[in-house]
Structure formats: structure tokens, C-alpha cells
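S.K.: Structure, please.
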Amino acid sequence: MRTYAIWNNKGGTGKTSLAFQVVCRYAQINPKARILVIDMCPQANLSELMLGGLSNSGSMRLLERQGLTPRCSIGGYFDARLPAPFSPPKIDAASYITNPSEYNSSIPKSIDLICGDPLLELQAIAMNTLANTDLPGVNAWLGVIDWLSDLLAVMESEYDIVFIDTNPSFSMYTQIALSSANRVILPVMADDSSRRAIQNAFSLIYGVKLPSEIYSKYTFATKLTSVERKLPKIHLILKNRLTQYMGSASAYAAVLSGIDSDLTALIKSYPKHFTFSKTANGIVEVRDFGTTGVVAFARGCPFSVMQTGKLQISGHRVQVKPEYRIQAIEAIDKVVSKL
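M.R.: Numbers count the residues shown, from 1 in each chain. Here you go, the predicted structure:
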């Protein structure tokens with residue numbers, strides 16, 4: 001079972017919108033694949049998209065799932081782990097899984113979803129406390145970090161591929177997500193803060209380029225490798241929301257070139273942290289989806305099945321041009337081809 005985490009410590013890079021389109025397109029191109037999506041963000045935007053989006057009651061349906069007993073969400077599963085944090089109880093994974101196609105016919109039936117939950121923020125406080133508990137013979141931090149891995153182990157024979165959408169943070173629940181992943185997809189924008197975000201990601205996940213060696217023994221990487229756990233590898237850098245007119249003379253060109261240079265240097269210094277050895281093989285450029293993206297996400301609809309022409313969105317008429325929809329599909333297909 002291959003597991004991808006879509007993550008960047010910086011917000012606003014398009015993680016959730018890309019995750020939605022990539023997962024749905026992957027399912028369409030690989031109809032026999034059994035796919036699980038885990039929404040590890042307390043905002044749960046990916047879950048809302050999967051369940052129908054703004055225009056098709058996605059938010060209401062998400063609240064319904066969170067209102068069940070137990071909560072049909074990642075928060076519901078973590079609730080079950082809090083009383084037994086260091087040894088997994090009997091896990092009924094089906095209690096936390098939703099098939100979004102039952103609510104949103106645009107979603108392929110082969111996709112299952114564990115919904116996001118705002119409870120994650122409250123649970124993170126308890127997680128941190130538990131992870132710092134001093135118990136003889138117990139690695140408390142690892143016991144908490146393994147919560148999602150424990151759940152995936154129960155479902156290992158049921159799914160071929162798992163996609164985890166994460167929060168733009170390095171909170172405890174984000175570390176839980178990353179520790180369970182084999183590979184990381186890192187979306188970035190054409191700005192200096194995204195360029196710095198790549199360096200920050202390496203410091204947070206792999207404990208490299210730290211401001212002081214004082215921090216080295218406390219890093220995520222040190223704690224995982226000390227118990228012989230593998231760290232996830234960087235699999236793709238997605239340069240997101242590039243305009244169709246961006247060229248060598250663009251004001252963004254220097255930043256984009258800088259991202260390439262930084263990535264090349266990191267690959268040379270730390271090759272074991274990548275699934276690719278050449279920068280060009282690990283970068284995908286994704287155009288700005290414009291109105292096509294706004295409509296798709298409002299309706300919770302993958303590009304490949306959405307309508308074109310004049311459409312109603314929240315009482316407003318907007319137009320989606322067929323050629324723009326095709327360009328959006330082509331951009332997502334480039335990402336899917338790398339998975």
C-alpha cells in the first residue's frame with residue numbers, strides 16, 4: 001500500500017484543491033485501484049469537496065458524518081485512541097470511513113474517505129501531553145505518532161493507494177500523517193516564501209539545515225530514525241498556479257529558477273530523501289485554473305466530468321470555456337502520470 005502525504009508547512013499553496021483533482025483523476029485513469037483518502041486537516045475542506053462542495057451541501061453532509069456516534073471522521077478515530085494511547089484497541093475501521101460517491105455522484109466509487117474534523121486542534125493538545133508522558137519502558141511519543149499507522153495496518157489489504165491531505169503546520173497530527181506516509185508531494189507557489197518553504201520542509205521532516213545543533217536531538221527525523229523507522233521521501237514538487245503567459249521574461253522566472261537551484265543542491269547533498277535523482281524528474285508545473293477551478297471546487301466536481309458553458313454558482317452565472325477545462329485536465333494528468 002503506497003501512501004502519499006500532500007504537505008507544505010506554508011499555507012495557500014493549493015494542497016487541497018490539487019489533492020481533490022489528482023485523487024479523482026487517478027481513480028478515473030486507474031479504475032481497478034482501491035483508493036483511500038484521509039483528510040488530516042481540521043478545516044476539512046477536502047472532505048467538503050468530496051461530499052459535494054459549496055453548491056451541493058458538502059458542508060452539511062460533513063457535519064452529518066461528524067455527528068454520528070462514533071464520529072465518522074479522523075477525529076472519531078482519535079477519540080477512540082485517547083483512552084488507550086500506547087496500545088491500539090480493537091479497531092473497527094469501517095466506523096470512520098465514508099464512500100463520498102454516495103453523496104456526490106461526480107466522485108469515482110473506488111474512492112473511500114476518512115473525513116477531516118475540527119476536533120483535531122483540541123485533540124492535538126491531548127496528543128502532545130500524552131507524547132511527553134514519562135513511562136518506564138514506553139516510548140510515549142512513538143505510541144502517539146503511530147496512531148494513523150495502526151489504522152492503516154488494519155486496512156492494508158483493502159487499499160492499494162492512500163492520499164493524505166494535511167494541514168499547513170507541523171503540529172502533532174501533521175507529524176502523525178507524515179510518519180505514516182511513504183512519499184511526500186510538496187506544492188509550492190512562484191514566490192520567495194514558497195522557496196523558503198522547501199528549505200523549511202527539509203528542516204522539519206529531515207532535521208537538516210537547523211539553526212543550531214541544540215535542536216538536532218529533538219527533531220522528527222531523530223526520533224523516528226532512533227527506532228529504525230523510515231522517513232517519507234520527497235516525490236514531487238508541484239509548481240502551482242502558473243499563468244499561461246509566464247515565460248523567461250516573467251517577474252516570476254527568477255524565483256522559479258531559484259526553486260530549481262535550491263532543489264538541485266538538496267538532491268546533491270541529501271539524495272536519500274528523494275525518489276528522483278534529477279530535478280526535472282521531480283517537478284511538475286501546474287497552470288492557474290482560473291474560473292474553471294472556482295466552478296469545479298464550488299460544485300465538488302472533478303475537471304474531467306464537469307460541464308462547460310454558462311453555469312449557476314451560488315446564484316451567479318459564470319462561464320467555463322471548453323478549452324480551459326481541457327487545459328486543466330492536461331495539467332492534472334501530468335501530476336497523475338508521476339504517481
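
S.K.: residues near S59, how many?
M.R.: 16 (other CB atoms under 10 Å). In this view, the C-beta of every residue, glycine as well, is placed from N, C-alpha and C.

S.K.: ranges for the helices of the chain?
M.R.: 15-29, 45-50, 58-66, 74-81, 119-131, 140-145, 147-154, 172-179, 192-206, 220-225, 253-269, 290-299, 322-336 (DSSP state H).

S.K.: Tell me which of those helices is the most buried.
M.R.: Most buried of the helices of the chain by mean neighbour count (mean count of other CB atoms under 10 Å) is helix 45-50; its value is a mean of 28.

S.K.: which other residues reach that helix?
M.R.: Here helix 45-50 makes contact (CB atoms under 8 Å, 6 or more residues apart in numbering) with 16, 19-20, 37, 39, 54, 58-59, 62, 65, 73, 100, 104, 107, 111, 113, 115-116, 165, 297, 300.

S.K.: ok, now with 7 Å
M.R.: With contacts defined as CB atoms under 7 Å, 6 or more residues apart in numbering, helix 45-50 is touched by 16, 19-20, 37, 39, 58-59, 62, 100, 104, 107, 113, 115-116, 165, 297, 300.

S.K.: least trustworthy helix or strand in the chain by mean pLDDT?
M.R.: strand 309-313 (a mean of 67; mean pLDDT, DSSP states H and E).

S.K.: any idea how far I29 lies from V22?
M.R.: Distance from I29 to V22, counting by CB to CB, to the nearest Å: 11 Å.

S.K.: Mind listing the shared neighbours of the two?
M.R.: Joint contacts of I29 and V22 (CB under 7 Å, 6+ apart) are V336.

S.K.: Neighbours of L68, how many?
M.R.: 13.

S.K.: ok, and the closest non-adjacent residue to it?
M.R.: In this structure, L68 finds its nearest non-sequential neighbour in G76, 7.7 Å apart by CB to CB, 6 or more residues apart in numbering.

S.K.: Same question for N56.
M.R.: G300 (5.6 Å).

S.K.: for the one you found, what are its contacts?
M.R.: Contacts of G300 by CB under 7 Å, 6+ apart are L49, M50, L51, G52, G53, N56, G58, N104, S106.

S.K.: of those, closest to I237?
M.R.: For the contacts of G300, the closest approach to I237 (CB to CB) belongs to L49, at 23.0 Å.

S.K.: Tell me how far the closest one lies from P31.
M.R.: The spacing between L49 and P31, counted by CB to CB, is 21 Å.

S.K.: Give the full set of residues in contact with L186.
M.R.: W7, N8, I198, A201, I234, I237.

S.K.: if we go to 6 Å?
M.R.: Remark: with contacts taken as CB atoms under 6 Å, 6 or more residues apart in numbering, L186 is in contact with N8, I237.

S.K.: Skipping adjacent residues, who's closest to M306 in space?
M.R.: A296 (5.4 Å).

S.K.: you'd agree I114 is up against I38?
M.R.: Yes - assessed by CB atoms under 6 Å, I114 is found in contact with I38 at 4.6 Å.

S.K.: Could you find the closest non-adjacent residue to C41?
M.R.: Nearest non-adjacent residue to C41 (CB to CB, 6+ apart): N167, at 4.4 Å.

S.K.: what number of residues lie near that neighbour?
M.R.: Around N167 there are 23 residues (other CB under 10 Å).

S.K.: for it, phi and psi?
M.R.: phi -80, psi 150 (degrees, to the nearest 10).

S.K.: surely it meets T174?
M.R.: Yes - counting by CB under 6 Å, N167 touches T174, with 5.4 Å between them.

S.K.: shared neighbours, these two?
M.R.: By CB under 6 Å, 6+ apart, N167 and T174 have no common neighbours.

S.K.: Nearest residue to the middle of the chain?
M.R.: Geometric centre of the chain, nearest residue: D165, 2.3 Å, by CA atoms, centre = their mean.

S.K.: ok, that residue - contacts?
M.R.: D165 neighbours (CB under 6 Å, 6+ apart): I6, T16, A19, D39, C41, L46.

S.K.: Poorly predicted segments of the protein, please.
M.R.: 210-212, 242-252, 254, 309, 311-316 (pLDDT under 70).

S.K.: which residue lies farthest from the center of it?
M.R.: Of all residues in the chain, P136 has its C-alpha farthest from the mean position, at 35.1 Å, by CA atoms, centre = their mean.

S.K.: and S106, how far is that from N30?
M.R.: 17 Å.

S.K.: the more surrounded of these two?
M.R.: S106 (20 against 16).

S.K.: Spatially nearest residue to the more buried one (excluding sequence neighbours)?
M.R.: That would be C301: by CB to CB, 6+ apart, it lies 4.6 Å from S106.

S.K.: For that neighbour, grab phi and psi.
M.R.: phi -130, psi 130.

S.K.: Tell me the spacing between V294 and N182.
M.R.: Taking CB to CB, one finds V294 at 33 Å from N182.

S.K.: Please apply the same query to P100.
M.R.: 24 Å.

S.K.: With A298 instead?
M.R.: 33 Å.

S.K.: Also K272?
M.R.: 14 Å.

S.K.: between these two, which one's more packed in?
M.R.: N182 (16 against 7).

S.K.: Now do the contacts for the nearest residue to the more buried one once chain neighbours are set aside.
M.R.: Spatial nearest neighbour of N182, excluding adjacent residues (CB to CB, 6+ apart): T3 at 5.0 Å. Taking CB under 6 Å, 6+ apart, we find T3 in contact with V162, A181, N182.
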